[in-house]
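Visitor: Got a predicted model here, sequence first, then my questions.
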Amino acid sequence: MRAAILSLLLLGTAASAQTSPAISVETLKTVTQVLSSDAYDGRAPTTPAEAKTVAYIVERMKAAGLKPGNKGAWTQDVPMVEITATNVQPYVFTGGKAPVSLAYRTDMVAGTYRVAPKSSVANSDVVFVGYGITAPEKGWDDYAGVDVKGKTVVILINDADWQTMSREGPFEGRAMTWYGRWPYKFENAAKHGAAAAIIVHDTEPAAYPWAVVQSSWTGPQLELDEKGDHLDQSQIVGWMQRAAAERVFASAGKDYAMLAAAAKVKGFKAVPLGLKLSGGFDNTIKRQASKNVIGVLPGTAAPNDYVLYSAHWDHLGRCDAVDGDDICNGAADNATGVAGLVALAEAQVKAGPAKRSIAFLAVTAEESGLLGSRYYAEHPIYPLAHTVGGVNMDVLNVDGRAKDFVLTGAGKSEIEDLVKPFVAAEGRVIGVEANPERGGYYRSDHFSFAKLGVPMLDGGSGEDLVVGGTAAGHAKREDYVANRYHKPADEYDAKWDWSGAVDDLTIYYGLGRKLADDTSLWPNWYKTAEFRGIRDRDRAGAK
């Protein structure tokens, strides 16, 4: 019955998409160019560049005609603690055929979540725990039968079935699940009492090269400033290159490839390597607040119900220099998303207030682990039980029009049904996610809301470009990941083709307007989705 009602409600959406206001290309260009200029120094949170970034976003929201979104204020304070590792010692593995020393940055990176002046381990027993997954509902536990309290665990990135080309398998086959993401692996290691947790970097299953790890995991690191100072976490968390891991395993008399293959099989048992790890570093600690920026277009009939658009404003700031350039400008990632947020605000204001309120949220510290969106979701300005749903934007398409529109992590919520008529109205088709092994659904800010029950769309242009087809689209995506993602080369380019971004934003506009004007709609998760229960509880409590 619910599906039939939803289908009837969708009949009018294509027409509304066709009458949506024009998305301003000038706004997209200007906002992206300004925020990604060297004057904004890479937009790292809690740096002097933050104040300039926040002020510009507020200025654009005001000019668009929005109202302050936080009880008369434009911002929400997000308490942060900045931890910078200094005097980082090499990882030294002893007890094997010969000591193995791993150099900082080239072989390994190290950090901590713990707010403490020093982080170190000495002669810590080393255990290989495969993919480091504990999933009772799947009958899978890589920690079964082994006590790793006070020890060092070595973990593989992604899920055990990531090389399965289909979606069939204990962890959805080729598609990465939450269990495959590095934040989960460190979290699970800490729950098991590990003193240190080291993930082995391998480019394909990680979905990015070592240079991305090196730039993201060195220099100041941010975490939410919370009670307890995260002292329940491991002393050291970090990564090592696969080649370095092979040397470590060889010293232990183990074959890395054979053990990695064994870890893919259900029932794998953790393997003590007979090695001991020593290493550590000092921590410089700085506490201060960063800011989320929020504006709102108040609703007329149901102003206490909210539709949400979100995008993260931050990037990496200063990073590893390439050809003398050490500013990671973050033009595509994610000045374009903020530009889209402003352009949508302009379009929605021009259309006039909807029945429900529409909120526009620019969040901080996405690059540090979705911290700004996580803080908002856990401390919402507008109750999540009254947040209908919405759209998150992270890297807009500047490669030209696409024939397809891809839903990241498809098969989770009714938002997917609601967006399809808007895709069809453009003569486009729903495409298949090209690289589900990259775990895109768990890597951007919509996930912070999903975990707490709010369905948010994460979707956009696929690789099937109108000019050049999938060959051209795939080549452009791979070139971006290899050469610009989290690197100084992610800079504004006047030659970018914004037509694909406009197409996607037109879809986002139509979906948001439908959710805001049709007060009968409360999209839920599909019954098989892991977030369905919390949504049902929230809605029951709100009625």
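Guide: That came in fine, so what should we check first?

Visitor: only C-alpha atoms for contact and neighbour calcs from this point on.
Guide: Fine.

Visitor: For V454, what is the enclosing helix or strand?
Guide: Following DSSP states H and E, there is no helix or strand that holds V454.

Visitor: For burial, what's the neighbour tally of it?
Guide: 29 (other CA atoms under 10 Å).

Visitor: Can you name the residues that contact it?
Guide: If you count contacts by CA atoms under 8 Å, 6 or more residues apart in numbering, V454 has them with 384, 387-389, 535.

Visitor: Out of those residues, name the ones that lie in strands.
Guide: If you go by DSSP state E, these have 387-389 in strands.

Visitor: Show me which of the residues you listed are buried.
Guide: 387-389 (16 or more other CA atoms under 10 Å).

Visitor: In a markdown table: the contacts of V454, plus pLDDT and distance to V121.
Guide: Converted to a markdown table, the contacts of V454 look like this (pLDDT from 0 to 100; distance: CA to CA, whole Å):
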| residue | pLDDT | distance to V121 |
| --- | --- | --- |
| L384 | 96 | 41 |
| T387 | 97 | 45 |
| V388 | 97 | 47 |
| G389 | 97 | 45 |
| R535 | 91 | 42 |
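
Visitor: could you point out which element follows the longest strand anywhere in the chain?
Guide: In the chain, with assignment by DSSP E, the single longest strand is strand 271-297. On the C-terminal side of strand 271-297, the closest following helix or strand by DSSP H and E is strand 302-312.

Visitor: Show me what counts as buried in that following strand.
Guide: Of the residues in strand 302-312, 303, 305-312 count as buried by neighbour count, 16+ other CA under 10 Å.

Visitor: And for stretch 285-293?
Guide: Neighbour-count burial for stretch 285-293, counted by 16+ other CA under 10 Å, picks out 285, 287, 289-293.

Visitor: Any idea how far stretch 330-350 is from the middle of the chain?
Guide: Counting by CA atoms, centre = their mean, to the nearest Å, stretch 330-350 is centred 18 Å from the centre of its parent chain.

Visitor: Please apply the same query to stretch 533-543.
Guide: Its chain's average C-alpha position is 25 Å from that of stretch 533-543, according to CA atoms, centre = their mean.

Visitor: Same check on stretch 243-257?
Guide: Using CA atoms, centre = their mean, the offset of stretch 243-257 from its chain centre is 31 Å.

Visitor: Next, the distance between the ends of it.
Guide: 11 Å (CA to CA, to the nearest Å).

Visitor: again, but for stretch 250-260
Guide: 13 Å.

Visitor: how about low-confidence regions in the stretch 51-200 of the chain?
Guide: Low-confidence segments of the stretch 51-200 of the chain (pLDDT under 70): none present.

Visitor: oh sorry, the question was meant for the chain
Guide: 1-20, 543.

Visitor: for the contacts of V454, which one is nearest R247?
Guide: The shortest gap between R247 and any of the contacts of V454 belongs to R535, at 47.4 Å (CA to CA).

Visitor: Next one: the closest residue to that closest one other than its chain neighbours from V109, what distance?
Guide: Distances taken as CA to CA, 6 or more residues apart in numbering put G453 closest to R535, at 4.4 Å, once the chain neighbours are dropped. Going from G453 to V109 by CA to CA gives 34 Å.

Visitor: just E26 next, same as before
Guide: The span separating E26 from V109 equals 41 Å under the rule CA to CA.

Visitor: More neighbours: the two, which one.
Guide: A count of neighbours by other CA under 10 Å puts V109 above the other of E26 and V109, at 25 against 12.

Visitor: what sits against the more buried one?
Guide: By CA under 8 Å, 6+ apart, the residues touching V109 are 213-214, 217-218, 238-240.

Visitor: go with 10 Å
Guide: Neighbouring residues of V109 by CA atoms under 10 Å, 6 or more residues apart in numbering: 88, 90-91, 102-103, 198-199, 213-218, 237-241.

Visitor: and what of D202?
Guide: Going by CA under 10 Å, 6+ apart, D202 touches 156-158, 208-210, 240-243.

Visitor: number of nearby residues for the nearest residue to Y208 once chain neighbours are set aside?
Guide: Spatial nearest neighbour of Y208, excluding adjacent residues (CA to CA, 6+ apart): V481 at 6.8 Å. Neighbour count for V481, taken as other CA under 10 Å: 16.

Visitor: sorry, back to before: present the contacts of V454 as TSV; the columns should include distance to D517.
Guide: Putting these into TSV (distance: CA to CA, whole Å) gives the following:
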residue	distance to D517
L384	18
T387	14
V388	11
G389	13
R535	21
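
Visitor: Report the secondary structure state of T519.
Guide: Look at T519: counting by DSSP: H, G, I helix; E, B strand; the rest coil, its state is coil.

Visitor: separation between it and Y442?
Guide: As judged by CA to CA, T519 and Y442 stand 29 Å apart.

Visitor: neighbour-wise, which of those two wins?
Guide: More crowded of T519 and Y442, by other CA under 10 Å: Y442, with 22 against 15.

Visitor: Was I right to think the more buried one contacts E366?
Guide: No: Y442 is beyond contact range of E366, at 11.7 Å (criterion: CA atoms under 10 Å).

Visitor: Off-centre distance for the longest strand of the chain?
Guide: Strand 271-297 sits 16 Å away from the centroid of its parent chain (CA atoms, centre = their mean).

Visitor: pretty sure A321 belongs to a helix, no?
Guide: No: under three-state DSSP, A321 falls outside any helix and is assigned strand.

Visitor: now it: how far from H486?
Guide: Distance, A321 to H486, by CA to CA: 12 Å.

Visitor: Then A44?
Guide: Remark: distance between A44 and H486 (CA to CA) = 12 Å.

Visitor: Pull up the overlap in contacts between these two.
Guide: 315-317, 328-329, 367.

Visitor: So which of those is surrounded by the most neighbours?
Guide: Among the shared contacts of A44 and H486, the one with the most neighbours (other CA under 10 Å) is N329, at 33 neighbours.

Visitor: nearest residue to it other than its sequence neighbours?
Guide: Excluding the flanking residues, the one nearest N329 by CA to CA, 6+ apart is G42, at 4.3 Å.

Visitor: So the one you found, which state does it fall into?
Guide: Classification of G42 by three-state DSSP places it in coil.

Visitor: For it, which residues are in contact?
Guide: Here G42 is in contact with 35-36, 49-50, 53, 314-319, 326-331, 488 (CA under 10 Å, 6+ apart).

Visitor: Got phi/psi on G500?
Guide: Backbone torsions for G500, taken as degrees, to the nearest 10, come to phi -70, psi -40.

Visitor: Count the neighbours of it for me.
Guide: Burial measure for G500: 22 neighbouring residues, criterion other CA under 10 Å.

Visitor: same thing with V502?
Guide: 23.

Visitor: ok so, going back, what about the contacts of G42, which are in strands?
Guide: Per DSSP E, strands hold the following members of the contacts of G42: 317-319, 326-328.

Visitor: Among those residues, which one lies nearest to L275?
Guide: Nearest to L275, judged by CA to CA, of the ones in strands among the contacts of G42 is C319 at 33.6 Å.

Visitor: Would you state the strands of the stretch 1-150 of the chain in chain order?
Guide: 67-68, 75-86, 91-94, 100-102, 108-111, 118-128, 134-135, 140-141 (DSSP state E, counting those that start in this stretch).

Visitor: In CSV: the ones you listed, plus distance to A377.
Guide: Shown next, in CSV, are these (distance: least, CA to CA, whole Å):
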stretch, distance to A377
strand 67-68, 18
strand 75-86, 11
strand 91-94, 37
strand 100-102, 39
strand 108-111, 26
strand 118-128, 30
strand 134-135, 25
strand 140-141, 30
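
Visitor: so which of these is the most packed in?
Guide: Of all these, strand 108-111 has the most neighbours on average by mean count of other CA atoms under 10 Å, namely a mean of 26.

Visitor: can you give me phi and psi for L156?
Guide: Torsion angles at L156 (phi, psi; degrees, to the nearest 10) stand at phi -90, psi 150.

Visitor: re the thing from before, could you dump the ones in strands among the contacts of V454 into JSON lines with distance to V398 added?
Guide: Supplementary listing: those in JSON lines, determined by distance: CA to CA, whole Å:
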{"residue": "T387", "distance to V398": "30"}
{"residue": "V388", "distance to V398": "29"}
{"residue": "G389", "distance to V398": "26"}
